[in-house]
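J.: sequence unknown, structure follows:
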Ligand code: 6PG
């Protein structure tokens, strides 16, 4: 657990940790696979990375993936791809061959999930072992698009599932727990007092909320919290 005074300080802490992790990993392998989180919390991180970490990170060797996506066109205001494109990808001018968005342009989202699984299989050659997965958490304890009580929480074979959110856009694509838990590292980024009670339930009571089920088998798990989100622990 890392607790920062403010959300901006949290973004800087994550950016520094990411830069260190990328540098270490690229000494051992040719590419770094990074899963981006959606929602609002990571915007500050992405903007900071684009603004101040252009040199500190070898972006030419970083491949970007998504932990989940709303099943809307990539130029839709609710698209996680659009948010990450605007805050990180366009400012850093990351080339298309390094970007692996979840497809949302086929009629059937189940086909899209299969297509993304194929993309992961092609990139990893087997079960995806992402070097770092960034995740957020909703006040209900969901993470990525794995919502409380969802059947997708029991998925043990598929790497990408179709989820249903309680809010629009309801149809989602999401990485499943087997993939999240195979990662070399998972960073949760959670800010705001509205999540403090859920953070407490997840971290202090092991309540089986989706976010509590993300326990990398061999990887590092770090909860990056601002003081407000850590208010209950
Ligand atoms: C999404 C995210 C979702 C998000 C949480 C927290 O597509 O919305 O993947 O899991 O991380 O809902 O969202 P905020 O950061 O906006 O609070």
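T.: Arrived safely. Every value quoted in this text rests on a predicted model; they were computed, and no experiment measured them.

J.: the lengthiest helix in the chain close to the ligand?
T.: What stands out as the longest helix in the chain, according to DSSP state H, is helix 7-28. No. Residues of helix 7-28 are not located near the ligand by Cβ under 6 Å from any ligand atom, the shortest gap being 10.3 Å. All C-beta spots, glycine's among them, are computed from the backbone N, C-alpha and C.

J.: quick one: that helix to chain centroid distance?
T.: Computed by Cα atoms, centre = their mean, to the nearest Å, the chain-centroid distance of helix 7-28 equals 15 Å.

J.: now the element after that helix, going C-ward?
T.: strand 32-36 (DSSP states H and E).

J.: may I see the buried residues of that following strand?
T.: Within strand 32-36, the residues that qualify as buried by neighbour count (16 or more other Cβ atoms under 10 Å) are 32, 33, 34, 35, 36.

J.: SS state for residue 206?
T.: coil (DSSP: H, G, I helix; E, B strand; the rest coil).

J.: excluding chain neighbours, what is closest to it?
T.: Leaving aside its chain neighbours, residue 206 sits nearest to residue 212 (6.0 Å; criterion: Cβ to Cβ, 6 or more residues apart in numbering).

J.: do you know how far the one you found is from residue 61?
T.: With the distance defined as Cβ to Cβ, to the nearest Å, residue 212 ends up 33 Å from residue 61.

J.: more crowded one of these two?
T.: A direct count of neighbours by other Cβ atoms under 10 Å for residue 212 and residue 61 places residue 212 higher, at 17 against 14.

J.: re the thing from before, list of residues touching the longest helix of the chain?
T.: With Cβ atoms under 8 Å, 6 or more residues apart in numbering as the test, helix 7-28 has contacts from 2, 4, 32, 34, 41, 44-45, 48-49, 52-53, 56-58, 61-62, 131-132, 134, 184-185, 187, 189, 191-192, 222, 224-226.

J.: show the pLDDT at the residue of the chain most remote from its centre.
T.: Here the chain reaches farthest from its C-alpha mean at residue 107, the gap being 24.5 Å by Cα atoms, centre = their mean. In this model, residue 107 is scored at 97, pLDDT.

J.: quickly find the element holding it.
T.: Using DSSP H and E, residue 107 sits within no helix or strand.

J.: and residue 100, how far from the ligand?
T.: Distance, residue 100 to the ligand, using Cβ to the nearest ligand atom, to the nearest Å: 16 Å.

J.: residue numbers of this protein in contact with the ligand?
T.: Residues of the chain lying near the ligand by Cβ under 6 Å from any ligand atom: 37-41, 67-68, 80, 136-138, 142-145.

J.: rerun that using 5 Å as the cut-off
T.: Residues of the chain lying close to the ligand by Cβ under 5 Å from any ligand atom are 38, 39, 40, 41, 68, 136, 138.
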